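S.K.: Dropping a prediction and its sequence here:
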Amino acid sequence: MSTLKTVAYYLGQFHPVEENNRFWGEGFSEWHNVARARPLFPGHQQPRLPGRLGFYDLRCDDTLIEQQLLARQIGVDAFCYWHYWMSGQRLLHRPLDRMLELPDQGLKFMLGWANESWTGAWHGLTDQVIVEQTYGRDELEAHAKLLASYLRNDRYLDTPRGKPFLIYKPLKVPDPRAYFGELRDRVRGEAGVDLYLIGTWGPGRSERFSSCSELGLDAAVVNNVGKYYRDKRRQAVYAALSAVKRKLYLGPEIRPYLDTLETLERGAQDIAGTAHATVVAGWDNTPRSGRRGLVLRGYTRQSFARAIRNAVQMEQNNAPALLFVKSWNEWAEGNTLEPSFKETWSAGEVLAAELMGASCTVESQDPHND
């Protein structure tokens, strides 16, 4: 097995930006959603508040440094910064750009392109578009130049198959095989490096694909938050019922956290090509979505440890071995590795212990250690 690299998704929306100010109100950031959360059913623990790092502002250098140091302490090798490139412009990039100006703390980074229009959908504002996602030749050329500027940085995560670049919704790209092929060529011409293109697979109808190569991808990463039925009729019925509940505000939907293991296993089996594993660090997006949200119950020290062991075992078959953790700081979706206020157990400590145990197991099985 190639050396396992652990990559945590990183959200940069914890500081005000002009687009959010115009749409949501002056000074808005993701903390507004977190602070307004309330319990929606008996035993529902909301609001869930930040602990050690507090209600930070990502314009603060001390926060950026402390996040990196904490990530390295718990075994995270890289942050996957959500990269918002829409209609030839980029958003929420200030934390990443500033991080690269600060002293290197030993943490790598990569980009994950959140390639869908920025809307108010999860707040019930389905017809409200903040910034539209478009695809065109001029946009592609400008995007390739921007990507090249990041890929040339020594801190960008590298693998024997190229520098990883994740696409959140590959099926939304018109003629993805041709688009990604041209993007590869232009990036190689600009930066002299090869892209390792990873597309996010999910159980939803607009997220599922069976072959990486048919889309022009090198690999997939399984987003295992959603429920996945292999039977298309059962999946369609589940999706329809969930949509009705969201529309009528009959939720939140409550499902077992351990469903994520089943979705990961089934999804990986159904993808032709390399499928990277995801570990979900909890899920409760009711701060953002209210009764239209989803809560994964039974997220405990034991279930999280089991999910990590399961995902690490799956990654042993991959080269490169990239374990994605969802997420570092998605506070309004309830999936975080950052410490929370008055927590009874630490997700970061569990991750560190399980990664250390996996590393020791692999070393003990290495015949060269005899």
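M.R.: Nice, thanks for sending it over.
S.K.: any weak-confidence spans in this structure?
M.R.: Applying pLDDT under 70 to the chain picks out residues 1-2, 120-127, 361-370.
S.K.: Please repeat the previous calculation with a cut-off of 80.
M.R.: 1-2, 119-128, 130, 359-370 (pLDDT under 80).
S.K.: Now do the helices in it.
M.R.: 18-24, 30-36, 61-73, 94-101, 137-151, 176-191, 232-247, 259-270, 286-289, 301-315, 347-365 (DSSP state H).
S.K.: Show me what the first one is packed up against.
M.R.: For helix 18-24, the contact count by 3 or more Cβ pairs under 8 Å, 6 or more residues apart in numbering; DSSP states H and E identifies strand 125-131 as packing neighbours. In short, each C-beta sits where N, CA and C put it, glycine included.
S.K.: Go through the helices of the chain and pick out the most buried.
M.R.: A comparison of the helices of the chain by mean neighbour count, using mean count of other Cβ atoms under 10 Å, puts helix 286-289 on top with a mean of 22.
S.K.: Specify the strand with the largest residue count in the protein.
M.R.: strand 78-86 (DSSP state E).
S.K.: Does anything pack onto it? Which helices or strands?
M.R.: With contacts taken as 3+ Cβ pairs under 8 Å, 6+ apart, strand 78-86 sits against strand 5-10, strand 89-91, strand 108-113.
S.K.: Pick the most buried one from those strands.
M.R.: Most buried of those, by mean neighbour count (mean count of other Cβ under 10 Å): strand 5-10, with a mean of 24.
S.K.: Tell me which strands it pairs with, and in which orientation.
M.R.: Strand 5-10 pairs in its sheet with strand 78-86 (parallel), strand 322-326 (parallel), by DSSP bridges.
S.K.: how far off helix 94-101 does that strand point, in degrees?
M.R.: Counting by axes from the mean of the first three to the mean of the last three Cα atoms, to 10 degrees, strand 5-10 points 140 degrees away from the direction of helix 94-101.
S.K.: Could you save the helices of the chain as TSV and add columns showing distance to residue 333?
M.R.: Formatted as TSV, the helices of the chain follow (distance: least, Cβ to Cβ, whole Å):
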stretch	distance to residue 333
helix 18-24	17
helix 30-36	9
helix 61-73	18
helix 94-101	18
helix 137-151	25
helix 176-191	26
helix 232-247	15
helix 259-270	14
helix 286-289	6
helix 301-315	16
helix 347-365	14
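S.K.: Just tell me which of those helices ends up closest to residue 331.
M.R.: Closest approach to residue 331 among the helices of the chain (Cβ to Cβ): helix 30-36, 4.7 Å.
S.K.: contacting residues around that closest one?
M.R.: 11, 13-14, 24, 47-50, 55, 287-288, 331-332 (Cβ atoms under 8 Å, 6 or more residues apart in numbering).
S.K.: Only whichever of these are buried, select them in ChimeraX.
M.R.: Buried residues within those, by 16 or more other Cβ atoms under 10 Å, are selected in ChimeraX with:
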select :11,13,14,24,48,49,50,287,288,331,332
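S.K.: Any chance of TSV for the helices and strands packed on strand 78-86, columns distance to residue 169?
M.R.: TSV is the format used below for the helices and strands packed on strand 78-86 (distance: least, Cβ to Cβ, whole Å):
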stretch	distance to residue 169
strand 5-10	15
strand 89-91	16
strand 108-113	9
